[in-house]
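Colleague: Predicted model and sequence follow; I will ask about them next.
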Amino acid sequence: MKVNGRFVELVKGQTLYNFILLQKFDLATIAVERNGEIVPKATFKEILLENEDNLEIVRFVGGG
Amino acid sequence: MKITVNGKEMDLNWRTAFEVREQIGEPTDIVILNGFQIDQDSPISENDCLSIIRKGIMPTEEELESMMMARHTPNVHKRLKQSKVAIAGLGGLGSNIAVMLARIGVGQLLLVDFDIVEPSNLNRQSYYISHLGLPKTIALKKQLEEINPFIKIETETVKITEENVKQLFNGYDIICEAFDKPDQKSMLINTALELLPNSKIVSGSGMAGYESSNLIKTTNPMKRLYLCGDLENAARVGRGLMAPRVNICAGHQANMILRLLIGIEDI
(Lines give C-alpha, C1' and ligand atoms only; values in the text may rest on other atoms or scores of the structure.)
Protein backbone atom coordinates (compact mmCIF):
# COMPACT_ATOMS: atom_id res chain seq x y z
CA MET A 1 0.00 0.00 0.00
CA LYS A 2 1.15 3.55 -0.70
CA VAL A 3 1.07 6.10 2.15
CA ASN A 4 2.08 9.70 1.50
CA GLY A 5 3.95 8.60 -1.60
CA ARG A 6 5.87 5.72 0.03
CA PHE A 7 5.19 2.00 -0.13
CA VAL A 8 4.46 0.35 3.22
CA GLU A 9 3.86 -3.30 4.12
CA LEU A 10 0.18 -3.82 4.83
CA VAL A 11 -0.95 -6.25 7.53
CA LYS A 12 -3.81 -8.26 6.04
CA GLY A 13 -7.30 -7.37 7.20
CA GLN A 14 -6.31 -4.07 8.77
CA THR A 15 -8.87 -1.29 9.05
CA LEU A 16 -7.99 2.31 8.31
CA TYR A 17 -8.78 3.09 11.96
CA ASN A 18 -6.25 0.51 13.24
CA PHE A 19 -3.62 1.61 10.77
CA ILE A 20 -3.95 5.25 11.86
CA LEU A 21 -3.62 4.31 15.56
CA LEU A 22 -0.69 1.98 14.90
CA GLN A 23 1.13 4.77 13.05
CA LYS A 24 0.55 6.97 16.12
CA PHE A 25 -1.46 9.61 14.33
CA ASP A 26 -3.81 11.72 16.44
CA LEU A 27 -7.28 11.15 14.98
CA ALA A 28 -8.42 14.62 16.02
CA THR A 29 -5.83 16.51 13.97
CA ILE A 30 -5.63 14.66 10.64
CA ALA A 31 -7.45 14.29 7.34
CA VAL A 32 -7.21 11.17 5.18
CA GLU A 33 -7.67 10.85 1.45
CA ARG A 34 -7.98 7.33 0.04
CA ASN A 35 -7.56 6.87 -3.69
CA GLY A 36 -8.29 10.52 -4.31
CA GLU A 37 -11.39 10.78 -2.12
CA ILE A 38 -11.69 12.29 1.35
CA VAL A 39 -12.57 9.61 3.91
CA PRO A 40 -15.23 10.63 6.48
CA LYS A 41 -13.84 9.95 9.96
CA ALA A 42 -17.04 8.13 10.95
CA THR A 43 -16.17 5.40 8.41
CA PHE A 44 -12.53 4.74 9.46
CA LYS A 45 -13.47 1.61 11.44
CA GLU A 46 -15.37 0.09 8.51
CA ILE A 47 -12.70 0.54 5.86
CA LEU A 48 -10.53 -2.51 5.20
CA LEU A 49 -7.28 -1.43 3.60
CA GLU A 50 -6.05 -3.10 0.41
CA ASN A 51 -2.65 -3.43 -1.25
CA GLU A 52 -3.75 -1.20 -4.12
CA ASP A 53 -4.75 1.64 -1.80
CA ASN A 54 -3.13 5.00 -2.04
CA LEU A 55 -3.46 6.95 1.21
CA GLU A 56 -2.66 10.56 1.80
CA ILE A 57 -2.60 11.40 5.51
CA VAL A 58 -2.30 15.08 6.39
CA ARG A 59 -1.50 16.15 9.94
CA PHE A 60 -2.34 19.69 11.02
CA VAL A 61 -0.25 21.54 13.59
CA GLY A 62 -1.40 24.41 15.82
CA GLY A 63 -0.91 28.11 15.22
CA GLY A 64 -2.56 30.77 13.18
CA MET B 1 -7.69 55.80 -30.72
CA LYS B 2 -9.89 54.62 -27.84
CA ILE B 3 -8.22 54.39 -24.43
CA THR B 4 -9.50 54.50 -20.88
CA VAL B 5 -8.26 57.45 -18.83
CA ASN B 6 -9.09 57.57 -15.11
CA GLY B 7 -11.96 55.14 -15.58
CA LYS B 8 -13.52 56.92 -18.57
CA GLU B 9 -13.28 55.75 -22.15
CA MET B 10 -11.86 58.50 -24.37
CA ASP B 11 -11.08 58.96 -28.04
CA LEU B 12 -7.63 60.56 -28.17
CA ASN B 13 -5.03 61.44 -30.73
CA TRP B 14 -2.04 61.64 -28.38
CA ARG B 15 0.46 58.88 -28.90
CA THR B 16 2.33 58.57 -25.61
CA ALA B 17 1.34 58.35 -21.95
CA PHE B 18 3.23 61.50 -21.01
CA GLU B 19 1.53 63.44 -23.83
CA VAL B 20 -1.79 62.56 -22.20
CA ARG B 21 -0.48 63.74 -18.82
CA GLU B 22 0.75 66.99 -20.39
CA GLN B 23 -2.71 67.66 -21.80
CA ILE B 24 -4.94 66.74 -18.87
CA GLY B 25 -2.73 66.76 -15.77
CA GLU B 26 0.25 68.28 -14.00
CA PRO B 27 3.90 67.34 -14.67
CA THR B 28 4.20 65.83 -11.16
CA ASP B 29 1.18 63.52 -11.59
CA ILE B 30 1.79 59.78 -11.32
CA VAL B 31 1.15 57.84 -14.53
CA ILE B 32 -0.05 54.23 -14.42
CA LEU B 33 -0.23 52.36 -17.71
CA ASN B 34 -2.06 49.01 -17.69
CA GLY B 35 -1.45 48.45 -14.00
CA PHE B 36 2.18 49.55 -13.93
CA GLN B 37 3.53 52.90 -12.73
CA ILE B 38 5.86 54.30 -15.40
CA ASP B 39 8.73 56.74 -14.89
CA GLN B 40 9.66 56.94 -18.55
CA ASP B 41 7.37 57.88 -21.38
CA SER B 42 5.79 55.01 -23.22
CA PRO B 43 3.73 54.81 -26.43
CA ILE B 44 0.04 54.00 -25.95
CA SER B 45 -2.17 51.87 -28.14
CA GLU B 46 -5.85 51.05 -28.63
CA ASN B 47 -7.68 49.80 -25.47
CA ASP B 48 -4.88 50.78 -23.08
CA CYS B 49 -5.86 51.75 -19.56
CA LEU B 50 -4.19 54.90 -18.28
CA SER B 51 -4.46 56.64 -14.91
CA ILE B 52 -3.15 60.12 -14.23
CA ILE B 53 -3.08 60.52 -10.47
CA ARG B 54 -2.53 63.75 -8.53
CA LYS B 55 -0.42 63.15 -5.41
CA GLY B 56 -1.93 63.83 -2.00
CA ILE B 57 -5.42 64.87 -3.17
CA MET B 58 -8.55 63.00 -2.02
CA PRO B 59 -10.26 61.96 -5.24
CA THR B 60 -13.99 61.47 -5.80
CA GLU B 61 -15.31 57.95 -5.21
CA GLU B 62 -15.50 57.19 -8.93
CA GLU B 63 -11.97 58.43 -9.54
CA LEU B 64 -10.72 56.53 -6.49
CA GLU B 65 -12.06 53.23 -7.73
CA SER B 66 -10.56 53.71 -11.17
CA MET B 67 -7.22 54.64 -9.59
CA MET B 68 -7.26 51.54 -7.41
CA MET B 69 -8.25 49.41 -10.38
CA ALA B 70 -5.42 50.95 -12.38
CA ARG B 71 -2.92 49.20 -10.13
CA HIS B 72 -4.34 45.82 -11.04
CA THR B 73 -3.80 44.13 -14.35
CA PRO B 74 -7.16 44.91 -16.05
CA ASN B 75 -8.42 41.36 -16.76
CA VAL B 76 -7.28 40.12 -13.37
CA HIS B 77 -9.21 42.87 -11.62
CA LYS B 78 -12.42 42.00 -13.46
CA ARG B 79 -12.22 38.37 -12.31
CA LEU B 80 -11.36 39.24 -8.74
CA LYS B 81 -14.19 41.75 -8.53
CA GLN B 82 -16.64 38.94 -9.37
CA SER B 83 -15.10 36.50 -6.88
CA LYS B 84 -16.01 35.61 -3.35
CA VAL B 85 -13.89 34.07 -0.61
CA ALA B 86 -14.84 32.92 2.89
CA ILE B 87 -12.30 33.30 5.70
CA ALA B 88 -12.72 30.99 8.70
CA GLY B 89 -10.89 32.38 11.73
CA LEU B 90 -9.70 36.00 11.96
CA GLY B 91 -6.48 35.63 13.94
CA GLY B 92 -2.91 36.03 12.74
CA LEU B 93 -3.55 34.31 9.44
CA GLY B 94 -7.17 35.28 8.73
CA SER B 95 -6.95 39.00 9.55
CA ASN B 96 -3.82 39.49 7.46
CA ILE B 97 -5.18 37.40 4.57
CA ALA B 98 -8.40 39.45 4.60
CA VAL B 99 -6.39 42.68 4.33
CA MET B 100 -4.46 41.32 1.34
CA LEU B 101 -7.59 40.07 -0.42
CA ALA B 102 -9.26 43.47 0.13
CA ARG B 103 -6.23 45.24 -1.31
CA ILE B 104 -6.27 43.15 -4.49
CA GLY B 105 -10.00 43.81 -4.86
CA VAL B 106 -11.70 40.45 -4.23
CA GLY B 107 -15.34 41.51 -4.69
CA GLN B 108 -16.92 39.72 -1.76
CA LEU B 109 -15.48 38.50 1.52
CA LEU B 110 -17.18 36.52 4.26
CA LEU B 111 -15.45 36.96 7.64
CA VAL B 112 -16.23 34.36 10.31
CA ASP B 113 -14.99 34.38 13.92
CA PHE B 114 -16.70 34.21 17.32
CA ASP B 115 -13.98 35.94 19.34
CA ILE B 116 -13.14 39.49 20.42
CA VAL B 117 -9.90 41.42 19.98
CA GLU B 118 -7.56 41.00 22.96
CA PRO B 119 -4.17 42.53 23.88
CA SER B 120 -2.47 39.18 23.18
CA ASN B 121 -3.55 39.44 19.54
CA LEU B 122 -1.61 42.62 18.77
CA ASN B 123 1.77 40.88 18.31
CA ARG B 124 0.72 39.44 14.95
CA GLN B 125 -2.90 40.09 14.06
CA SER B 126 -4.20 43.01 12.04
CA TYR B 127 -5.87 44.91 14.91
CA TYR B 128 -5.16 48.09 16.87
CA ILE B 129 -5.49 49.21 20.49
CA SER B 130 -8.71 50.97 19.49
CA HIS B 131 -10.22 47.58 18.53
CA LEU B 132 -9.74 45.93 21.94
CA GLY B 133 -12.98 44.34 23.12
CA LEU B 134 -14.69 44.50 19.71
CA PRO B 135 -15.70 41.32 17.90
CA LYS B 136 -12.94 40.52 15.40
CA THR B 137 -15.51 40.44 12.59
CA ILE B 138 -16.47 44.07 13.27
CA ALA B 139 -12.93 45.33 13.91
CA LEU B 140 -11.67 43.75 10.70
CA LYS B 141 -14.61 44.94 8.62
CA LYS B 142 -13.89 48.53 9.74
CA GLN B 143 -10.30 48.25 8.52
CA LEU B 144 -11.22 46.68 5.21
CA GLU B 145 -13.70 49.47 4.50
CA GLU B 146 -10.86 51.94 5.01
CA ILE B 147 -8.63 49.98 2.64
CA ASN B 148 -11.09 49.24 -0.15
CA PRO B 149 -14.62 50.66 0.07
CA PHE B 150 -15.59 49.04 -3.26
CA ILE B 151 -15.89 45.45 -2.05
CA LYS B 152 -18.72 43.73 -0.20
CA ILE B 153 -17.91 42.43 3.28
CA GLU B 154 -20.19 40.06 5.13
CA THR B 155 -19.62 38.92 8.71
CA GLU B 156 -20.77 36.01 10.86
CA THR B 157 -19.88 36.27 14.55
CA VAL B 158 -20.34 32.59 15.38
CA LYS B 159 -18.24 29.60 16.37
CA ILE B 160 -17.73 27.28 13.42
CA THR B 161 -18.76 23.68 14.14
CA GLU B 162 -19.38 20.51 12.16
CA GLU B 163 -23.06 21.42 12.26
CA ASN B 164 -22.86 24.86 10.63
CA VAL B 165 -20.00 24.46 8.11
CA LYS B 166 -22.33 23.58 5.25
CA GLN B 167 -24.78 26.38 5.88
CA LEU B 168 -22.05 29.02 6.43
CA PHE B 169 -19.86 28.22 3.43
CA ASN B 170 -22.29 26.84 0.86
CA GLY B 171 -21.74 28.73 -2.40
CA TYR B 172 -18.14 29.73 -1.63
CA ASP B 173 -15.71 28.20 -4.12
CA ILE B 174 -12.80 29.08 -1.88
CA ILE B 175 -12.70 28.65 1.88
CA CYS B 176 -9.65 29.98 3.69
CA GLU B 177 -8.92 27.93 6.81
CA ALA B 178 -7.20 30.23 9.30
CA PHE B 179 -7.83 28.67 12.70
CA ASP B 180 -5.34 28.39 15.52
CA LYS B 181 -6.12 24.94 17.01
CA PRO B 182 -5.17 21.82 15.01
CA ASP B 183 -8.36 19.91 15.89
CA GLN B 184 -10.41 22.87 14.60
CA LYS B 185 -8.39 22.91 11.38
CA SER B 186 -9.04 19.21 10.97
CA MET B 187 -12.75 19.59 11.72
CA LEU B 188 -13.29 22.33 9.14
CA ILE B 189 -11.21 20.69 6.43
CA ASN B 190 -12.78 17.24 6.87
CA THR B 191 -16.31 18.61 7.02
CA ALA B 192 -15.92 20.99 4.08
CA LEU B 193 -14.22 18.40 1.85
CA GLU B 194 -17.03 15.94 2.65
CA LEU B 195 -20.05 18.23 2.43
CA LEU B 196 -19.05 20.93 -0.06
CA PRO B 197 -17.84 19.12 -3.19
CA ASN B 198 -17.30 22.32 -5.17
CA SER B 199 -15.19 24.15 -2.60
CA LYS B 200 -11.43 24.35 -2.48
CA ILE B 201 -9.73 24.93 0.87
CA VAL B 202 -6.58 26.96 1.40
CA SER B 203 -5.22 26.17 4.84
CA GLY B 204 -2.27 27.11 7.06
CA SER B 205 -0.24 24.64 9.12
CA GLY B 206 3.13 25.28 10.78
CA MET B 207 4.32 28.88 11.09
CA ALA B 208 5.29 29.37 14.76
CA GLY B 209 8.64 30.69 15.98
CA TYR B 210 11.48 32.16 13.93
CA GLU B 211 12.82 29.22 11.93
CA SER B 212 13.88 30.01 8.37
CA SER B 213 11.30 31.79 6.25
CA ASN B 214 12.18 29.42 3.43
CA LEU B 215 10.71 26.39 5.19
CA ILE B 216 7.24 27.79 4.59
CA LYS B 217 5.78 26.61 1.31
CA THR B 218 2.52 25.94 -0.51
CA THR B 219 1.54 22.30 -1.06
CA ASN B 220 -1.41 20.45 -2.57
CA PRO B 221 -1.53 17.17 -0.62
CA MET B 222 -5.16 16.32 -1.44
CA LYS B 223 -7.66 17.07 -4.13
CA ARG B 224 -9.16 20.50 -3.30
CA LEU B 225 -6.80 21.07 -0.33
CA TYR B 226 -3.95 23.57 -0.50
CA LEU B 227 -1.78 23.61 2.60
CA CYS B 228 0.65 26.44 3.39
CA GLY B 229 3.28 26.47 6.13
CA ASP B 230 6.31 24.47 7.21
CA LEU B 231 3.89 21.65 8.23
CA GLU B 232 5.97 21.05 11.40
CA ASN B 233 6.36 23.98 13.75
CA ALA B 234 3.34 24.06 16.03
CA ALA B 235 2.83 26.90 18.48
CA ARG B 236 3.77 25.72 21.97
CA VAL B 237 5.34 26.90 25.21
CA GLY B 238 8.69 28.40 24.25
CA ARG B 239 7.78 28.73 20.56
CA GLY B 240 5.17 31.41 20.17
CA LEU B 241 3.53 32.82 17.10
CA MET B 242 5.35 35.85 15.73
CA ALA B 243 4.34 38.37 13.12
CA PRO B 244 6.96 37.64 10.42
CA ARG B 245 6.37 33.91 9.88
CA VAL B 246 2.63 34.24 10.43
CA ASN B 247 2.58 36.91 7.72
CA ILE B 248 4.74 34.82 5.39
CA CYS B 249 2.26 31.96 5.74
CA ALA B 250 -0.66 34.37 5.30
CA GLY B 251 1.02 35.64 2.12
CA HIS B 252 1.32 32.08 0.79
CA GLN B 253 -2.38 31.50 1.45
CA ALA B 254 -3.45 34.81 -0.07
CA ASN B 255 -1.37 34.23 -3.19
CA MET B 256 -2.72 30.68 -3.63
CA ILE B 257 -6.23 32.09 -3.28
CA LEU B 258 -5.42 34.72 -5.92
CA ARG B 259 -4.06 32.04 -8.26
CA LEU B 260 -7.16 29.88 -7.82
CA LEU B 261 -9.44 32.87 -8.42
CA ILE B 262 -7.81 33.56 -11.78
CA GLY B 263 -8.00 29.87 -12.71
CA ILE B 264 -4.51 28.57 -11.87
CA GLU B 265 -4.65 25.35 -9.83
CA ASP B 266 -0.93 24.71 -9.94
CA ILE B 267 0.92 25.53 -6.68
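Modeller: Done, it's in. Residues are numbered from 1 along each chain as shown, chains lettered A, B, ... in the order given.

Colleague: Quick one: name the residues of chain B near chain A.
Modeller: B:89, B:91-94, B:178-183, B:185-186, B:189-190, B:193-194, B:203-208, B:221-223, B:225, B:227, B:229, B:231-236, B:241, B:246 (C-beta under 8 Å from any C-beta of the partner chain). From N, CA and C alone the C-beta is placed, and that goes for glycine too.

Colleague: switch the cut-off to 7 Å
Modeller: Residues of chain B lying close to chain A (C-beta under 7 Å from any C-beta of the partner chain) are B:89, B:91-93, B:178-183, B:185-186, B:189-190, B:193-194, B:204-208, B:221-223, B:227, B:232-235, B:241.

Colleague: In ChimeraX, select just the buried ones from those.
Modeller: A single ChimeraX command selects the buried members of those (16 or more other C-beta atoms under 10 Å in any protein chain shown):
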select /B:89,91,92,93,178,179,180,181,182,185,186,189,190,193,194,204,205,206,207,208,221,222,227,233,234,235,241
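
Colleague: Narrow the residues of chain B next to chain A to those in helices?
Modeller: Cross-referencing the residues of chain B next to chain A against helices under DSSP state H gives B:92-93, B:182-183, B:185-186, B:189-190, B:193-194.

Colleague: ranges for the strands of the stretch 1-150 of chain B?
Modeller: Remark: strands assigned in the stretch 1-150 of chain B by DSSP state E, counting those that start in this stretch are B:2-5, B:8-11, B:30-33, B:36-38, B:49-53, B:84-88, B:108-112.

Colleague: And chain B, split by domain according to the record?
Modeller: B:2-70, B:77-261 (automatic domain parsing).

Colleague: Which one, of these, ends up nearest to residue A:14?
Modeller: domain B:77-261 (21.4 Å; C-beta to C-beta).

Colleague: what are the ranges of the helices in the stretch 1-150 of chain B?
Modeller: Listed in chain order, the helices of the stretch 1-150 of chain B (DSSP state H, counting those that start in this stretch) span B:17-24, B:61-70, B:74-81, B:92-103, B:136-147.
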